[in-house]
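Participant: Dropping a prediction and its sequence here:
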Amino acid sequence: MFTLTLGKKLVIQQVVRFLIITSLCALLLNGYYKVNSHFLLLSHANSLGEIVLGIRQLEESFLLKEEIDFKKLLNSIDLAKLKLESLKNERKRIKSKDLIQHMMQEFDLYASELDLLKHTLGNNSSSLEIFQVIKRKGEDLSLSMNSLVKTEQNYVKGVIESFAWLLLSIIAVAMIAGIIEFLWLWEKLFLPLKTIANATHDIALNKFVPFQVRKGKDEINNIFRAINTMTVDLEKQRKSLVEAQKLSSIGTLAAGTAHQLNNPLNNISTSCQIAIDEIENISDPEFIKELLIDIEQEVQRASDTVKGLLEFSRTHQFNLAPVDLREVTNKVLRLIAGEIPSGIAVEQTVPSHITLLLDSQKMTEALLNIVTNSMQAIDKHPGNVLITAQALPEEDKVVVQVKDNGKGIPPKNVQSIFDPFFSTKNSKEGTGLGLSVAYGIIKKHNGSISVESEVACGTVFTITLPWHKELQNF
């Protein structure tokens, strides 16, 4: 099936517009040539009028009884006839062909009467009679001449008026075509481009909604399809990156978990050895009972440690539910307990009973990544990482801050700190995805995150989350 692309439609539109304006301009040019030619005809007609006026001076000379130069008059008549013949040859342009033919006949009659007058000048009665005929013929010639000029003038006037309408038509067509073209471009090009610009912004915020692609295979629809395909691929890659970061975090936590498990396992082993030694001679059952209670407590401690790691590593759909913020921060501290280097203290002053709509696991992951980044930024001991939170009900928000006294972030890197794969650490210390993942998780919670840092003084990550009054007594 034949389809027109946007480019082809634009070409056709411009061709049609060009043809219309070219046609109108051709009509205008044709009118110009017509006016120009008829101005030349008017010039000939005016010259002819002057000749007629000169011929009619005979009447004045006759009345004043002055000498009449018949030869000059006849030459003037011949010249007038030549002018008329010239006008007559312009059959395609002249509008008074019949009148010219009539004037040529009148000039012939006028010449005949002049010849008679020439031969009867001695006879007063005959000369007067012929003069009266010549006078009438002269009046007829003047009337015919005026009629000829008037006809051509009216024609030129009509053509000039049509010029005005034609010019107005060209201007109107150009304006209407321009308006139609603008509206068409606005709908077919500018609005889609604006939509694409907004979509690129949404893609950066992980909020992109796929385009509703209309039927057709024009360039804009092809771009929409390409962006839809690209975002699907980006989403797949994003999920892969998140999982990669999560695996990296799990690997880091696993090392700490192993350290955390080592203590309860040692305690269990010690208690078991003592119990084995005492089992043959049970002289103090209470002592054995205490050993078994210690073993049970250490098993529970180890179980809690493993449970926390398993919960963190479990994949699940994003789901918001009322959660006490302090429970999340407590979980973060438990998970990193085995990874805190000596000489660094990680503390919190988060109040209880700040209930927010959170995905507990995702928010734990976000805070864990931020706290881990803060610990890794501390290169001088003693170091300190502090998690704080403050509810601001009047502003409908809760502000969570993670502060450290590490080496800080250079100003040139602050704008890139949340970009995927951006890292100032070597590849063994991090993937460059932790803060990017945290940024995405916080955005999903309709929150925001910013960073303030001073080199050699420390860094403060500020997280802003929505506060819901109705949840506070949940």
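Facilitator: Nice, I can see it.

Participant: So which bits of stretch 163-176 are buried?
Facilitator: Phe163, Leu166, Ile170 (16 or more other CB atoms under 10 Å). C-beta coordinates here come from the backbone N, C-alpha and C atoms, glycine included.

Participant: State the distance from Phe348 to Val451.
Facilitator: Quick fix: residue 348 reads Gln, not Phe. 19 Å (CB to CB, to the nearest Å).

Participant: Over to Asp115?
Facilitator: Taking CB to CB, one finds Asp115 at 118 Å from Val451.

Participant: Name the residue in those two with the higher neighbour count.
Facilitator: Neighbour count, other CB atoms under 10 Å: between Asp115 and Val451, Val451 has more, with 17 against 13.

Participant: Using the three-state scheme, assign the more buried one.
Facilitator: strand (DSSP: H, G, I helix; E, B strand; the rest coil).

Participant: Could you pull up the contacting residues of it?
Facilitator: Ile409, Val414, Ile417, Phe418, Thr459, Val460, Phe461, Thr462 (CB atoms under 8 Å, 6 or more residues apart in numbering).

Participant: Flag the least confident of those residues.
Facilitator: In terms of pLDDT, Phe418 ranks lowest among the contacts of Val451, with 82.

Participant: Confirm it sits in a strand?
Facilitator: No - secondary structure of Phe418 (three-state DSSP): coil, not part of a strand.

Participant: What helix or strand is the closest residue to it other than its chain neighbours located in?
Facilitator: What sits nearest to Phe418 in space, not counting adjacent residues and going by CB to CB, 6 or more residues apart in numbering, is Tyr439, at 4.2 Å. Following DSSP states H and E, one finds Tyr439 within helix 434-444.

Participant: Tabulate the CA atom coordinates of that helix in PDB.
Facilitator: Extracted as PDB, the C-alpha positions of helix 434-444 are listed here (Å, rounded to 0.1, in the frame of the first residue of the first chain):
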ATOM      1  CA  GLY A 434      25.200   2.500  43.700                       C
ATOM      2  CA  LEU A 435      24.200   6.200  43.800                       C
ATOM      3  CA  SER A 436      22.500   5.900  40.400                       C
ATOM      4  CA  VAL A 437      20.300   3.100  41.700                       C
ATOM      5  CA  ALA A 438      19.500   5.000  44.900                       C
ATOM      6  CA  TYR A 439      18.500   8.000  42.800                       C
ATOM      7  CA  GLY A 440      16.100   5.900  40.700                       C
ATOM      8  CA  ILE A 441      14.600   4.300  43.800                       C
ATOM      9  CA  ILE A 442      14.000   7.700  45.500                       C
ATOM     10  CA  LYS A 443      12.500   9.100  42.300                       C
ATOM     11  CA  LYS A 444      10.100   6.100  42.300                       C
END
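
Participant: model confidence over stretch 394-404, on average?
Facilitator: 94.

Participant: just stretch 347-364 next, same as before
Facilitator: On average, stretch 347-364 scores 91.

Participant: Other residues contacting that stretch?
Facilitator: Under the criterion CB under 8 Å, 6+ apart, residues 311-312, 314, 316, 318-333, 335, 384-389, 391, 398, 400, 441, 444-445, 465-468, 471-472, 474 lie in contact with stretch 347-364.

Participant: What about those residues, which are in strands?
Facilitator: Counted as lying in strands by DSSP state E, out of these, are 321-324, 384-389, 391, 398, 400, 465-466.

Participant: nearest to Ile223, of these?
Facilitator: Nearest to Ile223 among the ones in strands among the contacts of stretch 347-364 is Pro466, at 34.8 Å by CB to CB.

Participant: Domain map for this protein?
Facilitator: Domain segmentation of the chain under automatic domain parsing yields 6-189, 317-474.

Participant: Ile288: which of those domains is closest?
Facilitator: The nearest among these, by CB to CB, is domain 317-474 at 30.9 Å.

Participant: Can you tell me which of the domains of the chain has the worst average pLDDT?
Facilitator: Among those, domain 6-189 carries the lowest mean pLDDT, a mean of 70.

Participant: mind listing the helices for the stretch 301-450 of the chain?
Facilitator: 325-336, 360-376, 411-414, 434-444 (DSSP state H, counting those that start in this stretch).

Participant: right, and those - which one's nearest Phe182?
Facilitator: It's helix 434-444; of these, that one is closest to Phe182 (CB to CB) at 37.7 Å.

Participant: The closest one - contacts with which helices or strands?
Facilitator: helix 219-279, helix 360-376, strand 448-454 (3 or more CB pairs under 8 Å, 6 or more residues apart in numbering; DSSP states H and E).

Participant: Pick out the shakiest of the ones you listed, pLDDT-wise.
Facilitator: helix 219-279 (a mean of 70).

Participant: how about TSV for the contacts of Val451, with neighbour count and distance to Thr195 added?
Facilitator: Output for the contacts of Val451, formatted as TSV (neighbours: other CB atoms under 10 Å; distance: CB to CB, whole Å):
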residue	neighbour count	distance to Thr195
Ile409	19	36
Val414	15	32
Ile417	20	30
Phe418	19	26
Thr459	24	38
Val460	16	38
Phe461	24	34
Thr462	15	33
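
Participant: Serialize the residues you listed to TSV and add fields for distance to Asp78.
Facilitator: As requested, the contacts of Val451 are arranged in TSV below (distance: CB to CB, whole Å):
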residue	distance to Asp78
Ile409	108
Val414	103
Ile417	105
Phe418	103
Thr459	112
Val460	112
Phe461	111
Thr462	109
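
Participant: and of these, the nearest to Lys188?
Facilitator: Phe418 (36.6 Å).

Participant: Mind telling me what element Ser23 is part of?
Facilitator: Going by DSSP H and E, Ser23 is in helix 6-55.

Participant: so what's Asn30 up against?
Facilitator: Asn30 neighbours (CB under 8 Å, 6+ apart): none.

Participant: Ok, Leu333 next?
Facilitator: Counting by CB under 8 Å, 6+ apart, Leu333 has contacts Val346, Gln348.
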